[in-house]
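Undergrad: Need the 3D shape of this:
(chains A and B)
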Amino acid sequence: MPELVITVARFGFLVLLWIFVFTVVGVIRRDLFAGARSGRLVAAPRSVGASTGQATARPAKVKRGRAAHQLVVTAGQLAGTRITLGEAQITIGRAEDSTLVITDDYASARHARLVPRDGQWFVEDLGSTNGTYLDRAKVTGPTPVPLGVPIRIGRTSLELRP
Amino acid sequence: MTAAATPVPSPATAGERPGARLARSRRNAELSLLVLAMALVAAYGAMVEANVLDTVTPSFWVPAAALSVVFLGMHLVIRFLAPFADPALLPAVALLNGLGVGFLHRLDLAQATPAERAELATFAGIGGRQLAWTLVSVMLAAGLLALMRDHRSVSRYAYTLGLAGIVLVMLPAVLPPSISEINGAKLWVRVGGFSIQPGEFAKLALLVFFAYYLVRKREVLSLASHRVLGIDFPRGRDLGPVLVVWAISLLVLVFEKDLGTSLLYFGMFVVTLYIATERVSWLLIGLVLFFGGAYLAYVLGEAVGGPFANFYLRAEIWLDPFGDPYDKGYQLVQGLLALGTGGMFGAGPGGGQPLLLPEVQNDFIFAGIGEEIGLFGLSALLVIYLLIVERGLRAALAVRDSFGKLLAGGLAFTLGLQVFVIVGGISGLIPLTGQTTPFLSAGGSSLMANWLLIAVLLRVSDAGRRPVTGVGGKVTRPSGGPPEQLHGAPTEVIRP
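TA: Numbering: from 1, shown residues only, chains lettered A, B, ... in the order given. Take a look at the predicted model:
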């Protein structure tokens, strides 16, 4: 084997090795940047998505622009998390099967839930130990939640946004 | 409420832009990466023959072709059984495994006399045996993918696996040294002509148990009591589990005489604990406990000897490898010399003298390869390991259930830690221990366990990247039915 061929092959192999590395990086790059947008989460039951493309029954009376479309965590460990509201209720608590799992020392396993009714969201305390507060008032029964008014659970604070 | 009628697949789960309807499985990207990886393995084989034999034989492509068939089979299995699995995992692992086989084949060529070379069959020698083990391991991994359709199902066997893990860890320690001891470390079980390293499989079993246990207990374990320097420390009574694992890993250190294995188990537990509770204090406690324990073993080894003597010896070699370069420090010194000879670009595949290195097919394979591909090539291999670990952690981020998160995160970290322990050992950063280099070293146990690990990562990443709603017009449940309530939807564990 000529010396030149071996030398060229030697360096060619190393270059090819790095080309492989960068190709792998290229393949996974999209995934990395997609992750940066994952602050948005969609709370919708599976079947709603499954039936897209069909005429789905829309809620009857919706005041456009005033309806809440997002639930935003404004304070606490999860601050900045947004949940796009669907038609299903949102359960909040430390339990694993809650929609919004909060790891707050002052939250109960099943702390509170948000239920939509005719385009209006109601907050309801589920018998939590430390209580749920709508702005300053303690929530006792299902209470309508206006936009931008903080719901406080332990150290966490949530708001409905249009 | 209008937005609710047409929700988009969650970007966190589909790994796609919001609004992208079709989540892409990216299997074709995997296939092309795999072809590139196999081309590299074939090129490596050709260069080895050019350097060792001075000519490229017409059959140089046979090992690479055999590997290609095996990995293509695995690719097809993934295509059907885990279509949304991570596209980078299989090609990266295939390249490492292929280069490992290529290097071991190169050792065979160097050892064989010219007469034997002609008759060196594909499955003969350590290279050929590694090729056969690769075949078995990939088949096992495919089998695991087929059996485990949902990673959460293994949590049902968590306690069984935990017990099995502890038995596997302890087995070599209690067996007589004639069965379990090789080169001073009691890590093996020799049955007939085979030697099995049960600790490799224990890794997986224990991790399933840790993940399951910590999902259950993390609420308690993340309760804080004192706050020192801005870090919340756990309550004293919650230290129990970590102390138990610490004690077990120290027992491993003492009775199996292996620092790496002990570091691996303990690190695995501490990191899984950290992922579960998000408390930095656990990492600090873990580091303090481990370094304290290792130092204690060192001091005891100097003063008492006995079971600690082996560790003391290894630490002494590490502190001054050139103190006794022809006897005790021989292996490490030869490894360092090999890496030094390799320099920046190496001697070229087949151009080095790997046979001067003791245990070059196992522990020192990284030094052996390093002599031939240099720092430039070695760093590429390290980056590939890093990418595999990154993909594992990514799978942990993407998957929605806590058990999957802990399992994938822990497995990825374990792989990284193992590479750190052995590469750190041969490069003199930490005391040398008898860990295998994942996917490169000769040996069936290590290869099988690591391929099983990759199968679990593939399964978890498939679950994480799989879109929640129907894909490409395929509807997951019959449309028109009553909308499922939220308890039917997967939990969204939201972490900042």
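Undergrad: quick check, stretch B:100-119 touching chain A?
TA: No. Stretch B:100-119 does not reach chain A (C-beta under 8 Å from any C-beta of the partner chain); its nearest approach is 11.0 Å. Every residue, glycine included, has its C-beta placed from N, CA and C.
Undergrad: shaky segments in the stretch 101-250 of chain B?
TA: Along the stretch 101-250 of chain B, segments meeting pLDDT under 70 span B:115, B:118-122, B:179-180, B:182-185, B:192-193, B:222-238.
Undergrad: Output the residue ranges of the strands in it, listed in chain order.
TA: Listed in chain order, the strands found in the stretch 101-250 of chain B under DSSP state E, counting those that start in this stretch are B:181-182, B:185-186, B:189-191, B:194-196, B:224-228, B:231-234.
Undergrad: Excluding chain neighbours, give the residue nearest to B:Ala463 in space.
TA: B:Val399 (5.3 Å; C-beta to C-beta, 6 or more residues apart in numbering or on different chains).
Undergrad: correction: B:Phe345
TA: Nearest to B:Phe345 is B:Gly374, by C-beta to C-beta, 6+ apart, at 4.2 Å.
Undergrad: where's the one you found, which helix or strand?
TA: B:Gly374 belongs to helix B:365-398 when elements are defined using DSSP states H and E.
Undergrad: So for that helix, what gets flagged as buried?
TA: B:365-374, B:376-385, B:387-398 (16 or more other C-beta atoms under 10 Å in any protein chain shown).
Undergrad: C-terminal to that helix, what's the next element?
TA: Moving toward the C-terminus from helix B:365-398, the next element (DSSP H and E) is helix B:402-426.
Undergrad: Low-confidence stretches in chain A?
TA: A:1, A:31-66.
Undergrad: Which parts of it are strands?
TA: A:40-42, A:70-75, A:82-84, A:90-93, A:100-101, A:112-117, A:120-125, A:132-134, A:137-138, A:143-144, A:151-153, A:156-161 (DSSP state E).
Undergrad: what's around the one residue in the stretch 251-400 of chain B that gets nearest to chain A, how many residues?
TA: Residue of the stretch 251-400 of chain B nearest chain A, by C-beta to the nearest C-beta: B:Gly348 (3.9 Å). The number of residues packed around B:Gly348, counting by other C-beta atoms under 10 Å in any protein chain shown, is 24.
Undergrad: Can you tell me, leaving aside adjacent residues, what's nearest to it?
TA: Nearest to B:Gly348 is A:Arg10, by C-beta to C-beta, 6+ apart, at 3.9 Å.
Undergrad: contacting residues around the one you found?
TA: B:47, B:345-346, B:348-349, B:351 (C-beta atoms under 8 Å, 6 or more residues apart in numbering or on different chains).
Undergrad: May I ask which two of the residues you listed are separated the most?
TA: B:Met47 and B:Phe345 (13.2 Å; C-beta to C-beta).
Undergrad: avg pLDDT for the helix or strand where B:Val41 lies?
TA: Per DSSP H and E, B:Val41 falls inside helix B:27-52. When pLDDT is averaged over helix B:27-52, the result is 90.
Undergrad: is chain A contacted by it?
TA: Yes. With C-beta under 8 Å from any C-beta as the criterion, chain A is reached by helix B:27-52 at B:29, B:33, B:36-37, B:39-40, B:43-44, B:46-47, B:50-51.
Undergrad: Could you list every helix and strand in contact with that helix?
TA: helix A:3-36, helix B:62-81, helix B:89-111 (3 or more C-beta pairs under 8 Å, 6 or more residues apart in numbering or on different chains; DSSP states H and E).
Undergrad: what's the closest of the ones you listed to B:Gly127?
TA: Taking the helices and strands packed on helix B:27-52 one by one with C-beta to C-beta, helix B:89-111 is closest: 3.0 Å.
Undergrad: Next, the angle helix A:3-36 makes with that closest one.
TA: If you take axes from the mean of the first three to the mean of the last three C-alpha atoms, to 10 degrees, helix B:89-111 sits at 160 degrees to helix A:3-36.
Undergrad: Other residues contacting stretch B:266-284?
TA: With C-beta under 8 Å, 6+ apart, stretch B:266-284 has contacts from A:103, B:203, B:206-207, B:210-211, B:214-215, B:217-218, B:221-222, B:224, B:231-234, B:241-242, B:245-246, B:249, B:285-286, B:289-290, B:396, B:402, B:405-406, B:409-410, B:413-414, B:417, B:495.
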